[in-house]
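Enquirer: just to be clear, the model below is a prediction. Sequence and coordinates:
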Amino acid sequence: MTNFEEFPALKQLRMEQEVARRAGILNPFFLCHDGIAKAETSIGGVKYLNFSTYDYLDLNGHPALEEAAIDALRRYGTSASASRLVSGERPPHRALEKQLADIYDAEDCIVYVSGHATNVSTIGKLFGPQDVIFHDQLSHNSIVMGSIASSAKRISFPHNDTEALERLLKEHRPKAQRALIVTEGVFSMDGNIADLPGLIRLKKEWGCFLMVDEAHALGVLGKSGRGTHEHFGINPKDVDLW
């Protein structure tokens, strides 16, 4: 009971690794890249096309950003020493949050340590067992995990299908205290765009909150890169959580 060698998951992993080795399948995980994550990458001195970067605007490694990062390191060091809650914040924290809030004409903004933590913590804290959460079938794992963490009833609707969502709302919304509809603005794996006008219509009609994950839309969609709301010409205040 205290021997890791006997863990079923470890035995399964080793079996899969052996099958892959015999079949000559390259293990894609934890390969060490030689340099900056760009459209092309180098692994062991060999160049590859890189489909696993979200450097959509080609800003990673931009000289102006590198200088800003170096300046921040000189001013504030390499660590805040503890979490922001414990050790306090620094001026860049609030400057970043104010700019993000302004982009979405939002009341305020809070920045987390990662995109995954953002969805898990926000959804998990704001909603509870008496509530219902409707999320797109192709939503990121962090949205699903946040929904599970909340203990709310979790219902996935077919991808970008507002008609199917409306049928689910009709069945399940009246039974819940509060309801959340959550989607990605641009879906990270598929690249298509949420039907934001349709989702806003449904959230108003059925008395729901609407949350849109803009991780892959901000800087990409809209004339000035302000994301999904600018792409559709929609008032960002029609969405409750960006």
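Expert: The structure has been received and is ready for your questions. Numbers count the residues shown, from 1 in each chain.
Enquirer: secondary structure element for Asp108?
Expert: Counting by DSSP states H and E, no helix or strand carries Asp108.
Enquirer: report all helices and strands that the host helix or strand of Leu210 contacts.
Expert: Taking DSSP H and E as the definition, Leu210 sits inside strand 209-213. With contacts taken as 3 or more Cβ pairs under 8 Å, 6 or more residues apart in numbering; DSSP states H and E, strand 209-213 sits against helix 115-126, strand 179-184, helix 196-206. No exception for glycine: its C-beta is placed from N, CA and C like everyone else's.
Enquirer: quick one: that strand to chain centroid distance?
Expert: 12 Å (Cα atoms, centre = their mean, to the nearest Å).
Enquirer: can you name the next helix or strand after that strand?
Expert: helix 228-232.
Enquirer: rewinding a little: relative to helix 115-126, how tilted is the strand holding Leu210?
Expert: 170 degrees (axes from the mean of the first three to the mean of the last three Cα atoms, to 10 degrees).
Enquirer: residues in contact with strand 209-213?
Expert: Residues from elsewhere that reach strand 209-213 (Cβ atoms under 8 Å, 6 or more residues apart in numbering): 115, 119, 122-123, 139-140, 142-143, 178-185, 194, 196, 199-200, 203, 228, 238-242.
Enquirer: repeat for stretch 69-82
Expert: Taking Cβ under 8 Å, 6+ apart as the rule, stretch 69-82 contacts Ser87, Gly88, Glu89, Arg90, Pro92.
Enquirer: which pLDDT value goes with the closest residue to the fourth one other than its chain neighbours?
Expert: Once flanking residues are discounted, Arg90 sits nearest to Tyr76: 5.3 Å by Cβ to Cβ, 6 or more residues apart in numbering. Per-residue confidence for Tyr76 comes out at a pLDDT of 91.
Enquirer: also the one 3 residues further on?
Expert: Looking at Ser79, its pLDDT stands at 85.
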